[in-house]
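Trainee: Requesting a structural model of the entry that follows:
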Amino acid sequence: MSPQTTRRFRTAKKIQFAAVELAVRDGLSNVTTEAIAKEAGISTRSFFNYYAYKEAALMGPPPDYPAEASEAFVIGKGKLIDDLSILIEAHLKRFLNEREIFAQILHLSDSDPKLNALRNSAMLARRAQMRGLLHRRTPGSDTRLIEILAAAVIAATNAAAKDWAAGERPDLIAAAKENLVLIEKAGMLLESIPN
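Mentor: Below is the predicted model of the structure:
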């Protein structure tokens with residue numbers, strides 16, 4: 001990341017942390033963009049350079065897959081599950097210090113339809129990114145298989161993140177890797193179920 005991109009990302013995270021803190025303390029319906037900006041130490045005008053509305057600030061910057069790890073995955077020659085595991089680890093390790101804020105966002109989104117829709121939209125965006133990476137990694141593959149695999153990868157990592165946020169799994173990366181292995185096991189389960 002360039003210094004400007006890094007600075008912009010840090011400010012976006014600062015705004016997100018302020019938004020979540022206020023929403024937890026005062027209730028989401030009582031939080032304004034002006035209050036978030038003040039808490040983050042920026043102007044309201046600056047707030048809108050980062051987020052269009054308060055719910056977007058709560059979600060924070062889009063958690064895209066890291067560019068370098070994504071490219072390494074695309075050109076990787078190892079077993080697909082192993083290279084996928086490396087990519088997911090690179091993606092998730094950026095959030096290891098954000099367990100509490102992630103849990104708070106999940107809790108807030110359970111009671112706010114707009115925030116919940118944004119969370120679902122973010123997951124769909126990551127699924128589209130994963131689909132694109134899988135297409136690039138395995139050109140010519142059946143697009144239906146790619147779509148199903150991308151959805152399974154997102155489901156596996158999302159389930160791990162939810163368990164981690166709830167305190168049920170202490171290690172986010174280990175949980176995600178275990179869930180990725182379950183994708184293969186799920187396929188084998190289908191073959192073992194009698195008609």
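
Trainee: helix or strand for the nearest residue to Ile154 once chain neighbours are set aside, which one?
Mentor: Distances taken as Cβ to Cβ, 6 or more residues apart in numbering place Arg127 nearest to Ile154, at 4.6 Å, with adjacent residues excluded. In short, each C-beta sits where N, CA and C put it, glycine included. Using DSSP states H and E, Arg127 maps to helix 113-137.

Trainee: which is the next helix or strand following that helix?
Mentor: Next element after helix 113-137 (DSSP H and E): helix 143-165.

Trainee: Outline the domain layout of the protein.
Mentor: Listed by automatic domain parsing, the domain ranges of the chain are 1-61, 62-195.

Trainee: give me the low-pLDDT residue ranges for the chain?
Mentor: Scanning the chain for pLDDT under 70 picks out the ranges 1, 193-195.

Trainee: Just the buried residues of the helix or strand harbouring Glu71, please?
Mentor: Element membership of Glu71, judged by DSSP H and E, is helix 67-75. Applying a neighbour-count criterion of 16 or more other Cβ atoms under 10 Å, one finds Ala69, Ser70, Phe73, Val74 buried in helix 67-75.

Trainee: same check, this time on stretch 125-140
Mentor: Arg126, Arg127, Gln129, Met130, Arg131, Leu133, Leu134, His135, Arg137.

Trainee: Now that we have those residues, can you turn them into CSV and tack on distance to Ile146?
Mentor: Below are the buried residues of stretch 125-140 laid out as CSV (distance: Cβ to Cβ, whole Å):
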residue, distance to Ile146
Arg126, 15
Arg127, 11
Gln129, 12
Met130, 9
Arg131, 6
Leu133, 10
Leu134, 5
His135, 6
Arg137, 9
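
Trainee: State the three-state secondary structure for the spatially most central residue of the chain.
Mentor: Taking Cα atoms, centre = their mean, the centroid of the chain lies closest to Pro63, which sits 5.0 Å from it. Under DSSP: H, G, I helix; E, B strand; the rest coil, the three-state class of Pro63 is coil.
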